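>>> pasting the sequence and the predicted coordinates here, then a few questions.
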Amino acid sequence: VQLVESGGGLVQPGGSLRLSCAASGFTFSSYAMSWYRQAPGKERELVAGISSAGGSTNYADSVKGRFTISRDNAKNTVYLQMNSLKPEDTAVYSCNARYSGWRDYEYWGQGTQVTVSS
């Protein structure tokens, strides 16, 4: 099982980034996917989530209206489009896959750094 994030980097305030998380080794279309972030000295927080078929999404209040989560089940990839970035968005962003059924499964990516600074 692998979750590989990409697309992080350094961006100025007000800028945009698109994160990708490529999945392999499991049935991607059966898993709900989420993006989490963790800033230095802070706890990890949920940024956005999307259901297995993509019909339902949820966002942290701090990113509503600025971030959009989406997925392409044909490509086994989940995305996070981040617009109007702020310095407080600086963190390591990780993707998470979760299946809840007769048995629960959960996988994490290694994370990608996003730094918002002028």
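Ah, there it is.
>>> now residue 70: closest residue in space, sequence neighbours ignored.
residue 79 (4.9 Å; CB to CB, 6 or more residues apart in numbering). All C-beta atoms are positioned from the backbone trio N, CA, C, and that covers glycine.
>>> what number of residues lie near the one you found?
As a burial measure, residue 79 scores 20 neighbours (other CB atoms under 10 Å).
>>> what residues are up against residue 82?
By CB atoms under 8 Å, 6 or more residues apart in numbering, residue 82 lies in contact with 16, 17, 18, 19, 63, 66, 67, 89, 114.
>>> which residues touch residue 88?
By CB under 8 Å, 6+ apart, the contact list for residue 88 reads 39, 62, 116.
>>> tell me the centre residue of the protein?
Centroid-nearest residue in the chain: residue 35, 2.5 Å away (criterion: CA atoms, centre = their mean).
>>> just the element for that one, please.
Using DSSP states H and E, residue 35 sits within strand 32-38.
>>> go ahead and produce PDB holding the CA coordinates of that strand.
Extracted C-alpha coordinates of strand 32-38, given in PDB (Å, rounded to 0.1, in the frame of the first residue of the first chain):
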ATOM      1  CA  ALA A  32     -13.000   7.700   1.900                       C
ATOM      2  CA  MET A  33     -10.000  10.100   1.400                       C
ATOM      3  CA  SER A  34      -9.000  13.000   3.500                       C
ATOM      4  CA  TRP A  35      -6.200  15.600   3.700                       C
ATOM      5  CA  TYR A  36      -4.700  16.500   7.100                       C
ATOM      6  CA  ARG A  37      -2.100  19.000   8.100                       C
ATOM      7  CA  GLN A  38       0.200  19.500  10.900                       C
END
